[in-house]
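Visitor: Any chance you can model this:
(2 chains)
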Amino acid sequence: MERIGVFICECGPNIKEALNVEEIAKYASSLAHVAFVKSHTLLCAEAGKALLKKEIIERNLSRVVIAACSPKEHESTFMKIAEEAGLNPYLVQIANIREHCAWVISDKVIATEKAKVIIRTAVSRVLLHQPIVNKEIDCTPDALVVGAGVAGIEAALVLAQKGRKVYLVEKSPNIGGRVVRYEDVFPKFECATCMLDPKLDEILHKNNIHVFTYSVVDEVLGYFGNFIIKIKKKARSVSTETCLGCGACFEACPVNVKNRYNENLNERKAIYIPFVGALPNVAVIDRKNCLHFRNKATENTEEKKCEICKANCPFGAINFDDQDEIIEIKVGSVVLATGFDSFIANKIPRSGYGKFENIYTGLEFERILSSTGPTGGEVILKNGESPKSAAIIHCVGSRSKKFHNYCSGVCCTYSLTFAHIIKKKSPNTEVFNFYSDFSLAGKGYHELYDKALEDGVNLIRTAGPDAVEVNEDAGSLVVKYKDAAGKESKLAVDMVILSTAIEPSEDATSISQLFDITLGSDGFFTEEHDKLAPVSTTTGGIFIAGCCQGPKDIQSSVAQGAAAAGKILSCLVPGEKLKLEATIAEIDEKLCSGCKICIGLCPYKAIYFDKEKKVAAINDILCKGCGICSAACPSGAVKARHFTSCEITAEIKEIMK
Amino acid sequence: MNNFEPRIVAFLCSWCSYAGADKAGSSRKTYPQNINIIRVMCSGRVDPQFVLEAFKEGADGVLILGCHPGDCHYKEGNYNILRRYHFLKKVLMELGIEEGRFKLDWVSSTEDDKFVTIVSEMVKNVKSLGPLRNEALI
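Guide: Numbers count the residues shown, from 1 in each chain, chains lettered A, B, ... in the order given. Model prediction:
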């Protein structure tokens, strides 16, 4: 015989004054199976909780209805009390008589009647509740980090410091991401390479971090706690053990190709190290352009295959027979820190980019400023002369209805940083920043604005991001703009820098599909919650950090990397099991016809087909308990725990009584 | 007819719409008491059977509220109910249940005003349609 206890919370005056609590209590006592009814001033307070626990035990209650505030407020509080009193926590049902009744109905009589319906519905439902036990599974605490930029590096280091084995996969031949290729970074004009070097060194030398450069993730199987990942280590054709990065090979190589690590501003060889100081300091052969492999591809046997680099390597490190390698690893969680790409400026023809010389994007100018870049850090024009004037145009691709609606957040700061560095390197160069609004929120960022004024930088406010145009006239670049007052003017300059937007990396879509996470309308990875869960995703065990989640500065990227690692450290602990969601779906094998409708609908790929039994089966780890499968099953074979069809039908019937 | 108080069953997803209804309460907005809320984890959990059952049991209207498209806590559950809704509406109309009695909409956890507007309009519409004669379902 069931003994249901109904506890009515007066919530101070909140419920007490809006409803006739006494009448409701009397009504609740009359309901079938209700053995005990009690009202209390404030059930969520310590005294209320103590009373609840005591009465459940002393009255030997088998199920409990709490008529109080929204389940979103205190369901977990009361479930915990029930558990302490020896009841399964899922034998509790909340009747929301505050938010859905007392607070929204002004007439006390009507509100009291409504509360009766809500409580009787809860009583009929709780009678059908089944105890649910939280399941736990074995898991691996090791982690995969994809992307070795600042965010990925931070995540890997934090995890490794706590002894976790970390696999760090980077598609480039070197680590350090975008930041390692910058010179002075805002707000303190700190040398990026100097700042990063100790971290990169630690990454390469820590025993429990396994670095895979020139590698990509090929396949992802499994789920939170137990992923099986296949890493494709592309053939580098140079042994990482024996190559010392001496450069004898690329000095001898006869092939010149554009170097995308210098934003295509200069050339490299077919065997190359992306830039001076790149780590690991090991060469790589670009097989698409290498004569040895090109000749092989065309089967031109007449011509002798080029082996100049091999002949010149003093360490015998060149290996033309190197093959792509697939490495299988087992990890419990993944941090995606796959970075961003820069807006392609020639999508905006009026920017002049690609049409005229001496126009650079933000990333290109970073390389020009870099001492390891194409000009050795000198700000010079194509003709080798120093520019007498330079225009920096803000918001190229950002804040535009046609391209990206969002503000990239870092362009104002880096544009002012560029202005300051140009002034420092060449004080006689006139610098003009064309902006429409300044976005300089951040520690020490607004000070860059004051510094620009001190430096004598001309800050010109335009009518909007679309109000600036770059043309060429008599061999000189001309910036045509409409200022904030609507007046049109022209200004001749020697050099133009376009502060291009941060946009999702070109492989964002394929990575999102590989790891089964969602992309937002702007193309960046979607976080589980924009404020409260910014580094988790809706896919268990997959975390995101840095610019793959949205435009951000270095400090925020590092913070997210650390946050993602922290999340992993707290949820996957060596020797501990992983607690699973309790209210998930289950399949009644006797009823399942094997139609597979549910398999296609599950947003978490949590349902698979058991070929032996010819029925659908639920993966308890992946299931999040949405119940979509249950609603779609034509045989009624899928039970959504705690939201079963019986329970919901009972609610409908009781409401309509 | 003026005294007719319709009974409407409303299925609210736990994440956005139920929270939106909670916010209406927290902000002390008043709305007609004719709405009876049933919490489901996702709007995609709403089985067509539940809708038919509600009408069969005497509901004058059924309302389903979920997260906005693209905001579903379960990625795409609300798209499932959207597809189902258009189909089910046609079936219900075949059974003589007018269009205004069955409604699907999106309410986020901050849209207390939208929740109140949807509920109030639904009650007004169903009131003007009068009680449902549900012989077809019995």
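
Visitor: could you say which helix or strand contains the nearest residue to A:Gly456 once chain neighbours are set aside?
Guide: Leaving aside its chain neighbours, A:Gly456 sits nearest to A:Lys423 (7.1 Å; criterion: C-beta to C-beta, 6 or more residues apart in numbering or on different chains). For glycine as for every other residue, the C-beta is placed from the backbone atoms N, C-alpha and C. Secondary structure from DSSP states H and E places A:Lys423 in helix A:411-425.

Visitor: Give the partner strands of the helix or strand following that helix in its sheet and their orientations.
Guide: Sequence order places strand A:430-435 as the next helix or strand after helix A:411-425, per DSSP H and E. Note on strand A:430-435: by DSSP bridges, its sheet partners are strand A:389-396 (parallel), strand A:458-461 (parallel).

Visitor: which of the ones you listed sits most buried?
Guide: Across the strands paired with strand A:430-435, averaging neighbours per residue (mean count of other C-beta atoms under 10 Å in any protein chain shown) puts strand A:389-396 on top, at a mean of 26.

Visitor: what's the spacing between it and its chain's center?
Guide: 30 Å (C-alpha atoms, centre = their mean, to the nearest Å).

Visitor: what angle do it and helix A:411-425 make?
Guide: Between strand A:389-396 and helix A:411-425, the angle comes out at 170 degrees (axes from the mean of the first three to the mean of the last three C-alpha atoms, to 10 degrees).

Visitor: So what touches strand A:389-396?
Guide: Here strand A:389-396 makes contact (C-beta atoms under 8 Å, 6 or more residues apart in numbering or on different chains) with A:343, A:345, A:348, A:351, A:361, A:379, A:407, A:411-412, A:415, A:418-419, A:422, A:429-436, A:465, A:468, A:470, A:477, A:479, A:491-501.

Visitor: Could you do stretch A:488-498 as well?
Guide: Here stretch A:488-498 makes contact (C-beta under 8 Å, 6+ apart) with A:345, A:351-353, A:358-362, A:365, A:379, A:381, A:387-393, A:396, A:415, A:418, A:430, A:432, A:470, A:473, A:476-483.

Visitor: what about residue 80, helix or strand, and which?
Guide: Picking chain A for this. Going by DSSP H and E, A:Lys80 is part of helix A:71-84.

Visitor: looking at chain B here, not the other one
Guide: Using DSSP H and E, B:Asn80 sits in helix B:77-94.

Visitor: what secondary structure does the residue nearest the centre of chain B sit in?
Guide: Of all residues in chain B, the one closest to the mean position by C-alpha atoms, centre = their mean is B:Leu63, 0.9 Å from it. Classification of B:Leu63 using DSSP: H, G, I helix; E, B strand; the rest coil returns strand.

Visitor: Bridge partners for the residue nearest to it when sequence neighbours are not counted, pull those for me.
Guide: Once flanking residues are discounted, B:Leu63 sits nearest to B:Ala10: 4.2 Å by C-beta to C-beta, 6+ apart. Beta-bridge partners recorded for B:Ala10 (DSSP bridges): B:Ile37, B:Leu63.

Visitor: Could you report the pLDDT at B:Ala10?
Guide: With respect to pLDDT, B:Ala10 scores 98.

Visitor: which residues does it contact?
Guide: By C-beta under 8 Å, 6+ apart, the contact list for B:Ala10 reads B:35-38, B:62-65, B:119.

Visitor: Quick check, A:His292 in contact with A:Lys305.
Guide: Yes - A:His292 is in contact with A:Lys305 according to C-beta atoms under 8 Å; the separation is 5.0 Å.

Visitor: quick one, which of these two is more surrounded?
Guide: Shown here are A:His292 and A:Lys305; by other C-beta atoms under 10 Å in any protein chain shown, A:His292 has more neighbours (22 against 14).
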